[in-house]
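Asker: missing the sequence, but the structure's below:
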(Lines give C-alpha, C1' and ligand atoms only; values in the text may rest on other atoms or scores of the structure.)
Protein backbone atom coordinates (compact mmCIF):
# COMPACT_ATOMS: atom_id res chain seq x y z
CA UNK A 1 0.00 0.00 0.00
CA UNK A 2 1.30 3.44 -0.93
CA UNK A 3 1.81 5.72 2.07
CA UNK A 4 1.51 9.48 2.25
CA UNK A 5 4.66 11.42 3.17
CA UNK A 6 2.78 12.82 6.17
CA UNK A 7 2.43 9.29 7.58
CA UNK A 8 6.18 8.67 7.63
CA UNK A 9 8.55 9.33 10.53
CA UNK A 10 11.64 11.20 9.35
CA UNK A 11 14.91 11.98 11.12
CA UNK A 12 16.96 14.94 9.93
CA UNK A 13 20.50 14.85 11.26
CA UNK A 14 23.76 16.77 10.92
CA UNK A 15 27.38 16.26 11.90
CA UNK A 16 30.35 18.48 12.72
CA UNK A 17 33.75 16.94 12.10
CA UNK A 18 37.49 17.32 12.60
CA UNK A 19 37.98 17.78 8.85
CA UNK A 20 36.60 16.71 5.49
CA UNK A 21 38.05 13.23 4.92
CA UNK A 22 36.79 10.26 6.96
CA UNK A 23 38.93 7.89 4.90
CA UNK A 24 41.95 9.95 5.95
CA UNK A 25 41.13 9.70 9.65
CA UNK A 26 38.76 12.62 10.25
CA UNK A 27 36.06 11.95 12.85
CA UNK A 28 32.70 13.28 14.00
CA UNK A 29 32.87 15.73 16.93
CA UNK A 30 29.14 16.51 17.19
CA UNK A 31 25.96 14.85 15.98
CA UNK A 32 22.35 16.01 16.31
CA UNK A 33 18.95 15.06 14.98
CA UNK A 34 15.24 15.84 15.06
CA UNK A 35 12.72 13.04 14.58
CA UNK A 36 9.32 14.15 13.31
CA UNK A 37 6.13 13.11 11.56
CA UNK A 38 4.19 15.68 9.56
CA UNK A 39 4.51 18.87 11.60
CA UNK A 40 4.95 17.03 14.93
CA UNK A 41 8.41 16.86 16.49
CA UNK A 42 8.72 13.47 18.18
CA UNK A 43 12.21 13.57 19.72
CA UNK A 44 15.60 15.30 19.53
CA UNK A 45 19.17 14.06 19.80
CA UNK A 46 22.36 16.03 20.43
CA UNK A 47 25.83 15.06 21.62
CA UNK A 48 29.44 16.11 21.37
CA UNK A 49 31.82 13.21 20.64
CA UNK A 50 35.45 12.93 21.69
CA UNK A 51 37.20 12.07 18.40
CA UNK A 52 40.44 11.04 20.10
CA UNK A 53 42.38 13.09 17.58
CA UNK A 54 43.12 16.80 16.93
CA UNK A 55 40.67 19.12 15.17
CA UNK A 56 41.97 20.82 12.04
CA UNK A 57 42.26 24.64 12.21
CA UNK A 58 39.94 24.87 9.19
CA UNK A 59 37.22 22.85 10.97
CA UNK A 60 37.57 24.89 14.17
CA UNK A 61 37.27 28.10 12.14
CA UNK A 62 33.86 26.90 10.93
CA UNK A 63 32.25 25.18 13.93
CA UNK A 64 34.24 26.71 16.84
CA UNK A 65 34.30 23.34 18.60
CA UNK A 66 37.54 23.21 20.55
CA UNK A 67 39.51 20.25 21.84
CA UNK A 68 38.88 21.53 25.36
CA UNK A 69 35.11 21.27 24.77
CA UNK A 70 35.54 17.65 23.70
CA UNK A 71 37.92 16.49 26.42
CA UNK A 72 35.16 15.10 28.67
CA UNK A 73 32.70 14.25 25.88
CA UNK A 74 31.63 10.61 25.38
CA UNK A 75 33.29 8.56 22.64
CA UNK A 76 31.69 7.15 19.50
CA UNK A 77 31.34 3.75 21.19
CA UNK A 78 28.82 5.33 23.58
CA UNK A 79 27.08 7.86 21.31
CA UNK A 80 26.62 5.86 18.10
CA UNK A 81 24.53 2.98 19.50
CA UNK A 82 22.20 5.58 21.04
CA UNK A 83 21.96 7.39 17.69
CA UNK A 84 21.16 4.13 15.90
CA UNK A 85 18.30 3.59 18.31
CA UNK A 86 17.14 7.19 17.77
CA UNK A 87 16.84 6.81 13.97
CA UNK A 88 15.39 3.28 14.04
CA UNK A 89 12.46 2.75 11.62
CA UNK A 90 12.60 6.32 10.27
CA UNK A 91 13.62 7.82 6.93
CA UNK A 92 16.97 9.49 7.57
CA UNK A 93 17.71 12.82 5.87
CA UNK A 94 20.42 15.45 5.86
CA UNK A 95 21.58 18.32 3.68
CA UNK A 96 24.29 16.95 1.38
CA UNK A 97 23.61 13.51 2.82
CA UNK A 98 26.56 11.86 1.09
CA UNK A 99 28.97 13.83 3.30
CA UNK A 100 27.22 13.07 6.59
CA UNK A 101 26.59 9.43 5.68
CA UNK A 102 30.29 8.88 4.87
CA UNK A 103 31.23 10.06 8.35
CA UNK A 104 28.39 8.17 10.04
CA UNK A 105 29.31 4.91 8.29
CA UNK A 106 32.96 5.44 9.23
CA UNK A 107 32.15 5.93 12.92
CA UNK A 108 29.94 2.84 12.94
CA UNK A 109 32.64 0.76 11.25
CA UNK A 110 35.16 1.81 13.90
CA UNK A 111 32.95 0.40 16.66
CA UNK A 112 31.96 -2.69 14.64
CA UNK A 113 28.40 -1.63 13.80
CA UNK A 114 26.52 -0.68 10.64
CA UNK A 115 23.29 0.93 9.50
CA UNK A 116 20.20 -1.27 9.01
CA UNK A 117 20.10 -2.64 5.45
CA UNK A 118 16.52 -1.49 4.93
CA UNK A 119 17.25 2.10 6.01
CA UNK A 120 16.05 4.70 3.51
CA UNK A 121 18.26 7.78 3.24
CA UNK A 122 17.11 10.97 1.52
CA UNK A 123 19.10 14.06 0.60
CA UNK A 124 17.52 17.48 1.23
CA UNK A 125 20.14 19.02 -1.09
CA UNK A 126 18.88 16.70 -3.83
CA UNK A 127 15.34 17.94 -3.06
CA UNK A 128 16.51 21.55 -3.45
CA UNK A 129 18.22 20.85 -6.78
CA UNK A 130 15.17 19.03 -8.20
CA UNK A 131 12.56 21.48 -6.91
CA UNK A 132 14.52 24.74 -7.28
CA UNK A 133 16.30 24.29 -10.62
CA UNK A 134 18.33 27.29 -11.72
CA UNK A 135 19.07 28.52 -8.20
CA UNK A 136 22.16 30.71 -8.08
CA UNK A 137 23.62 28.61 -5.25
CA UNK A 138 22.65 25.53 -3.25
CA UNK A 139 24.42 26.21 0.05
CA UNK A 140 22.04 25.50 2.94
CA UNK A 141 21.95 29.12 4.17
CA UNK A 142 21.29 30.41 0.64
CA UNK A 143 18.42 28.00 -0.05
CA UNK A 144 16.92 28.71 3.40
CA UNK A 145 17.08 32.45 2.75
CA UNK A 146 15.54 32.05 -0.72
CA UNK A 147 12.65 30.14 0.86
CA UNK A 148 12.04 32.93 3.39
CA UNK A 149 13.70 31.20 6.37
CA UNK A 150 15.58 34.00 8.09
CA UNK A 151 17.74 31.99 10.49
CA UNK A 152 21.51 32.33 10.60
CA UNK A 153 23.47 29.17 9.85
CA UNK A 154 25.70 28.65 12.89
CA UNK A 155 27.56 25.51 11.74
CA UNK A 156 26.66 23.65 14.91
CA UNK A 157 24.90 20.33 14.47
CA UNK A 158 21.56 21.03 16.17
CA UNK A 159 21.06 24.53 14.78
CA UNK A 160 21.85 23.24 11.28
CA UNK A 161 19.32 20.44 11.78
CA UNK A 162 16.67 23.03 12.67
CA UNK A 163 17.56 25.04 9.57
CA UNK A 164 17.44 21.91 7.39
CA UNK A 165 14.06 20.97 8.86
CA UNK A 166 12.72 24.38 7.87
CA UNK A 167 14.01 23.88 4.31
CA UNK A 168 12.60 20.33 4.20
CA UNK A 169 9.14 21.54 5.19
CA UNK A 170 9.17 24.33 2.59
CA UNK A 171 10.25 21.91 -0.14
CA UNK A 172 7.66 19.37 1.01
CA UNK A 173 4.99 22.09 0.53
CA UNK A 174 6.23 22.54 -3.05
CA UNK A 175 5.96 18.80 -3.62
CA UNK A 176 2.43 18.76 -2.20
CA UNK A 177 1.44 21.66 -4.48
CA UNK A 178 2.59 19.55 -7.43
CA UNK A 179 0.50 16.62 -6.24
CA UNK A 180 3.53 14.56 -5.17
CA UNK A 181 2.53 13.17 -1.77
CA UNK A 182 3.40 9.49 -2.14
CA UNK A 183 6.35 8.24 -0.06
CA UNK A 184 7.41 5.80 -2.75
CA UNK A 185 7.77 8.67 -5.24
CA UNK A 186 9.60 10.74 -2.61
CA UNK A 187 12.09 7.91 -2.05
CA UNK A 188 12.63 7.44 -5.77
CA UNK A 189 13.23 11.14 -6.38
CA UNK A 190 15.44 12.00 -3.41
CA UNK A 191 16.75 8.73 -1.98
CA UNK A 192 20.44 7.80 -1.84
CA UNK A 193 20.22 4.03 -1.40
CA UNK A 194 21.58 2.79 -4.73
CA UNK A 195 20.06 -0.68 -4.34
CA UNK A 196 16.60 0.68 -3.55
CA UNK A 197 16.71 3.17 -6.42
CA UNK A 198 18.01 0.55 -8.84
CA UNK A 199 15.18 -1.82 -7.86
CA UNK A 200 12.56 0.89 -8.31
CA UNK A 201 13.95 2.06 -11.66
CA UNK A 202 14.43 -1.50 -12.94
CA UNK A 203 10.78 -2.25 -12.15
CA UNK A 204 9.71 0.83 -14.13
CA UNK A 205 12.05 -0.06 -16.99
CA UNK A 206 10.74 -3.63 -17.28
CA UNK A 207 7.12 -2.42 -17.32
CA UNK A 208 7.90 0.30 -19.88
CA UNK A 209 9.80 -2.23 -22.01
CA UNK A 210 6.70 -4.42 -21.99
CA UNK A 211 4.66 -1.45 -23.23
CA UNK A 212 7.23 -0.91 -26.01
CA UNK A 213 6.98 -4.58 -27.02
CA UNK A 214 3.18 -4.41 -27.04
CA UNK A 215 3.28 -1.13 -29.01
CA UNK A 216 0.84 0.57 -26.62
CA UNK A 217 0.58 4.21 -25.60
CA UNK A 218 1.38 5.31 -22.03
CA UNK A 219 -0.05 8.14 -19.95
CA UNK A 220 2.74 9.35 -17.67
CA UNK A 221 2.90 11.77 -14.76
CA UNK A 222 6.31 13.41 -14.93
CA UNK A 223 8.41 15.72 -12.75
CA UNK A 224 10.62 17.75 -15.09
CA UNK A 225 14.26 18.13 -14.08
CA UNK A 226 14.52 21.42 -16.00
CA UNK A 227 11.68 23.42 -14.43
CA UNK A 228 10.37 21.20 -11.57
CA UNK A 229 6.88 21.21 -13.09
CA UNK A 230 4.67 18.12 -12.91
CA UNK A 231 2.78 17.35 -16.10
CA UNK A 232 0.74 14.54 -17.59
CA UNK A 233 1.70 13.36 -21.07
CA UNK A 234 0.53 10.71 -23.48
CA UNK A 235 3.64 9.06 -24.89
CA UNK A 236 4.26 6.36 -27.45
CA UNK A 237 7.30 4.65 -25.87
CA UNK A 238 10.08 3.80 -28.33
CA UNK A 239 13.18 2.79 -26.37
CA UNK A 240 15.06 2.88 -23.09
CA UNK A 241 18.53 4.40 -23.10
CA UNK A 242 21.17 4.72 -20.38
CA UNK A 243 23.54 7.65 -20.19
CA UNK A 244 25.82 8.90 -17.39
CA UNK A 245 24.43 6.30 -14.95
CA UNK A 246 20.85 7.43 -15.60
CA UNK A 247 18.04 5.67 -17.46
CA UNK A 248 15.71 7.49 -19.86
CA UNK A 249 12.52 6.74 -21.73
CA UNK A 250 12.63 7.89 -25.34
CA UNK A 251 9.19 8.27 -26.88
CA UNK A 252 6.88 10.30 -29.08
CA UNK A 253 5.08 12.91 -26.97
CA UNK A 254 1.57 13.37 -28.32
CA UNK A 255 1.07 16.85 -26.83
CA UNK A 256 4.42 18.19 -28.11
CA UNK A 257 4.13 16.18 -31.35
CA UNK A 258 7.78 15.27 -31.29
CA UNK A 259 10.20 12.76 -29.84
CA UNK A 260 11.10 13.56 -26.23
CA UNK A 261 13.32 12.06 -23.55
CA UNK A 262 12.12 11.51 -19.97
CA UNK A 263 14.27 10.58 -16.95
CA UNK A 264 13.01 7.30 -15.52
CA UNK A 265 13.40 8.58 -11.94
CA UNK A 266 11.19 11.56 -12.85
CA UNK A 267 8.27 9.36 -13.97
CA UNK A 268 5.99 9.40 -10.94
CA UNK A 269 3.25 7.21 -12.39
CA UNK A 270 2.30 5.64 -15.69
CA UNK A 271 -0.52 3.55 -17.10
CA UNK A 272 -1.52 2.12 -20.45
CA UNK A 273 -3.95 4.32 -22.35
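Answerer: Looks like it came in fine. Since we're looking at a predicted model, the values are computed, not measured.
Asker: going forward, measure contacts and count neighbours with C-alpha atoms only.
Answerer: Will do.
Asker: do you know how far residue 108 is from residue 268?
Answerer: 34 Å (CA to CA, to the nearest Å).
Asker: between those two, which has more neighbouring residues?
Answerer: Using other CA atoms under 10 Å, the more surrounded residue of residue 108 and residue 268 is residue 268, with 20 against 17.
Asker: give me the sheet partners of the helix or strand hosting the more buried one and which way each runs.
Answerer: In this structure, residue 268 sits in strand 267-272 according to DSSP states H and E. Strands adjacent to strand 267-272 in the sheet, as given by DSSP bridges, are strand 218-223 (antiparallel).
Asker: ranges for the helices of this structure?
Answerer: 57-63, 67-70, 76-87, 97-110, 124-131, 140-146, 157-177, 183-190, 194-214 (DSSP state H).
Asker: how far out from the middle of the chain is the shortest one?
Answerer: Yep, that's helix 67-70 we're talking about. Averaging C-alpha positions (CA atoms, centre = their mean, to the nearest Å) puts helix 67-70 31 Å from its chain's average.
Asker: contacting residues around it?
Answerer: The contact list for helix 67-70 (CA atoms under 8 Å, 6 or more residues apart in numbering) reads 29, 48, 49, 50, 51, 54, 55.
Asker: again, 6 Å this time
Answerer: Here helix 67-70 makes contact (CA atoms under 6 Å, 6 or more residues apart in numbering) with residue 50.
Asker: mind listing what's buried in it?
Answerer: The neighbour-count check on helix 67-70 (16 or more other CA atoms under 10 Å) flags 67, 70 as buried.
Asker: how about the fourth one?
Answerer: Applying a neighbour-count criterion of 16+ other CA under 10 Å, one finds 97, 100, 101, 103, 104, 106, 107, 108 buried in helix 97-110.
Asker: let me see the domain layout of this protein.
Answerer: According to automatic domain parsing, the chain comprises the domains 5-190, 200-272.
Asker: got those domains as a markdown table, with mean pLDDT columns?
Answerer: Below are the domains of the chain laid out as a markdown table (pLDDT from 0 to 100):
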| stretch | mean pLDDT |
| --- | --- |
| domain 5-190 | 95 |
| domain 200-272 | 94 |
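Asker: show the end-to-end separation of stretch 84-91, please.
Answerer: Using CA to CA, one end of stretch 84-91 lies 12 Å from the other.
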